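fold the following and give me the result.
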Amino acid sequence: MKTVEEVKEELLDLTGLMCPLPVVITSEKMRKLKYGQTLTVISTDPGFERDIYNWCSQTGNELLSLKREDGKVVAVIRKKPEAKEPGLWYWIKFHSLGVRLHIRQFLIQINPFIKKPDHFITFTAISEGTRAEKYLKGKAKLIPIPDEIDPRCGVVLAIHGYNRAKEIYEELKREGFGVEAIYKKEGKTYRRVYP
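Numbering: from 1, shown residues only. Reported below is the predicted structural model:
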């Protein structure tokens, strides 16, 4: 019988795949590994570095190393006994969330009766944004992150007015949410305005 140390290291080359596929495929592969096994993942997705860091934090898997080399991100992950990778149903819900947020963004843009959001709160992870929207109970709407802010997968809270955006940002920060910054839309560009 092989010991954990004798179990072969696995390699997963996800070159060319874009968010959310690298994290989804990594998660499915990790679910099949034995405790103590390691998985080396190679990805060219610009958001993979942040995504895999957050995924490891959320699932309890150990991120042994994370580096960039030759335009690729290489992550080495160890399966931990306490790790809990999300199942396929989680990823189906995750994709349906993306579709729903894109539809919401489109409806906001075409609705002439609402004030258009001009400030956007970014998050350390998509899960932080979804938790924040639930916590706020309608005070702000979640939409996909504009490419001009960050070309990687992500979400933002769309808000009208700087003071309101700052109030919400500060409240979320006090409550322990992973907020990053507030951006203001100026024409076709976005400028970081806080902090």
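
could you find the closest non-adjacent residue to residue 86?
Spatial nearest neighbour of residue 86, chain neighbours left out: residue 27 (6.0 Å); criterion: CB to CB, 6 or more residues apart in numbering. The way it works is simple: take the backbone N, C-alpha and C, and place the C-beta from them, glycine included.

go ahead and confirm that neighbour touches residue 55.
Yes - taking CB atoms under 8 Å as the definition, residue 27 is a contact partner of residue 55 at 6.8 Å.

point out where this structure drops to low pLDDT.
Applying pLDDT under 70 to the chain picks out residues 1-8, 88, 95, 152.

mind listing the strands for the chain?
Using DSSP state E, the strands found in the chain span residues 10-13, 38-43, 62-69, 72-78, 119-123, 141-144, 155-159, 179-186, 189-194.

re the thing from before, higher neighbour count, residue 27 and residue 55?
For residue 27 versus residue 55, neighbours defined as other CB atoms under 10 Å are more numerous around residue 55 (24 against 20).

what sits against the more buried one?
23, 26, 27, 61 (CB atoms under 8 Å, 6 or more residues apart in numbering).

which single one of those is nearest to residue 177?
Nearest to residue 177 among the contacts of residue 55, counting by CB to CB, is residue 23 at 20.6 Å.

which residue, other than its chain neighbours, is closest to residue 85?
Nearest non-adjacent residue to residue 85, counting by CB to CB, 6+ apart: residue 31, 4.5 Å away.

run a quick neighbour tally on the one you found.
Using other CB under 10 Å: residue 31 sits among 15 other residues.

same deal with residue 49?
Using other CB under 10 Å, residue 49 is surrounded by 17 other residues.

can I assume it is in contact with residue 63?
No - the criterion here is CB under 8 Å, and residue 49 misses it with residue 63 at 10.5 Å.

so what sits against both of these two?
Shared contacts of residue 49 and residue 63 (CB under 8 Å, 6+ apart): residue 75.

so the residue nearest to residue 85 makes contact with residue 91?
No - in this structure, residue 31 is not within contact of residue 91 by CB under 8 Å, at 11.1 Å.

residues contacting the lengthiest helix in the chain, please?
The longest helix of the chain (DSSP state H) is helix 88-110. For helix 88-110, contacts defined as CB under 8 Å, 6+ apart pick out 20, 24, 27-28, 114, 116-117, 126, 130, 141-144, 155, 158.

what do you get for stretch 146-159?
In contact with stretch 146-159 (CB under 8 Å, 6+ apart) are residues 19-20, 45-47, 50-51, 101, 105, 108, 117-123, 126, 129-130, 132-133, 136, 140-145, 165, 168, 183, 185, 188-190.

of the residues you listed, which count as buried by neighbour count?
Neighbour counting with 16 or more other CB atoms under 10 Å marks 19-20, 45-47, 50-51, 101, 105, 117-123, 126, 129-130, 132-133, 136, 140-145, 165, 168, 183, 185, 190 as buried within these.
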